[in-house]
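In: I need the structure of the sequence given here:
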Amino acid sequence: MTNTGLETLTSARHEASRRAARSLRFLAVVDGSECTNRIVDFIVTVAPRRDATEVVILNVQDRHFDARLRGYQSFKKEEIEDRLVSELGLPIVNSVNSRLQKAGVVSFAKVRIGDPVPTILRCVAEDNCDVIVIGEPRPRGLRRWIRAATGLRLASSLAFRLISAAPTPVVVVK
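Out: Below is the predicted model of the structure:
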């Protein structure tokens, strides 16, 4: 190999490692509500360079222990979990994945079943995410009254629990 070829190879490796070092990986926790659209808009807006940004799209389906009481009496636990993933979770993450890819953002979708906070934290560790992005639902009822009366904003329990437990920054999109 000539010096020019070696320099080109070294330069290409250096550029690839610089690109990898600069890439930002978001964990977007989506539930299919109006917050999901705001999360996607936020990520598309703040993605510094879309080719250097990756998004792991996560939908967490809470394990429903009462599912057998709601019309699933004949289903086994595994069948119920398969239905939670395929009928509830996959349409949500596939829709978000499609929107992000149309915007030029690299994204990966996954659906997990379990308690939301530990499941989200496990995905952060597994996927080496730099930032967690979750949505804050619009204030309703008591929360709206407390905000008007005191000026205090109450975080949703999921957002509050994530902020206090997460090893990475948490962005709450309103």
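
In: how about the strands in this protein?
Out: Counting by DSSP state E, one finds strands in the chain at the ranges 24-29, 53-61, 106-113, 131-135, 170-173.

In: Hmm, residue 103 is touching residue 46, no?
Out: No. Assessed by Cβ atoms under 8 Å, residue 103 is found out of contact with residue 46, at 11.9 Å. No exception for glycine: its C-beta is placed from N, CA and C like everyone else's.

In: can I get the strands of the chain in CSV with distance to residue 124, mean neighbour count and mean pLDDT?
Out: Shown next, in CSV, are the strands of the chain (distance: least, Cβ to Cβ, whole Å; neighbours: other Cβ atoms under 10 Å; pLDDT from 0 to 100):
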stretch, distance to residue 124, mean neighbour count, mean pLDDT
strand 24-29, 6, 23, 94
strand 53-61, 9, 23, 91
strand 106-113, 12, 18, 90
strand 131-135, 6, 23, 93
strand 170-173, 10, 18, 90
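
In: Just give me the neighbour total for the spatially closest residue to residue 158 that is not a sequence neighbour.
Out: Nearest non-adjacent residue to residue 158, counting by Cβ to Cβ, 6 or more residues apart in numbering: residue 116, 5.9 Å away. Using other Cβ atoms under 10 Å, residue 116 has 19 neighbouring residues.

In: Tell me the pLDDT of residue 116.
Out: With respect to pLDDT, residue 116 has a value of 90.

In: Give the full set of residues in contact with it.
Out: By Cβ atoms under 8 Å, 6 or more residues apart in numbering, the residues touching residue 116 are 29, 60, 62, 158.

In: For residue 40, see how far away it is.
Out: Separation of residue 116 from residue 40 (Cβ to Cβ, to the nearest Å) stands at 19 Å.

In: just residue 108 next, same as before
Out: For residue 108, the distance to residue 40 - Cβ to Cβ - is 14 Å.

In: next one: residue 88
Out: Distance, residue 88 to residue 40, using Cβ to Cβ: 19 Å.

In: Which one's more surrounded, these two?
Out: Taking neighbours as other Cβ under 10 Å, residue 88 and residue 40 compare with residue 40 leading, 25 against 15.

In: May I have the residues that are in contact with the closest residue to residue 55 other than its chain neighbours?
Out: If the residues on either side of it in the chain are set aside, residue 55 comes closest to residue 107, at 4.2 Å by Cβ to Cβ, 6+ apart. Applying Cβ under 8 Å, 6+ apart to residue 107 gives the contacts 54-57, 96-97, 100-101.
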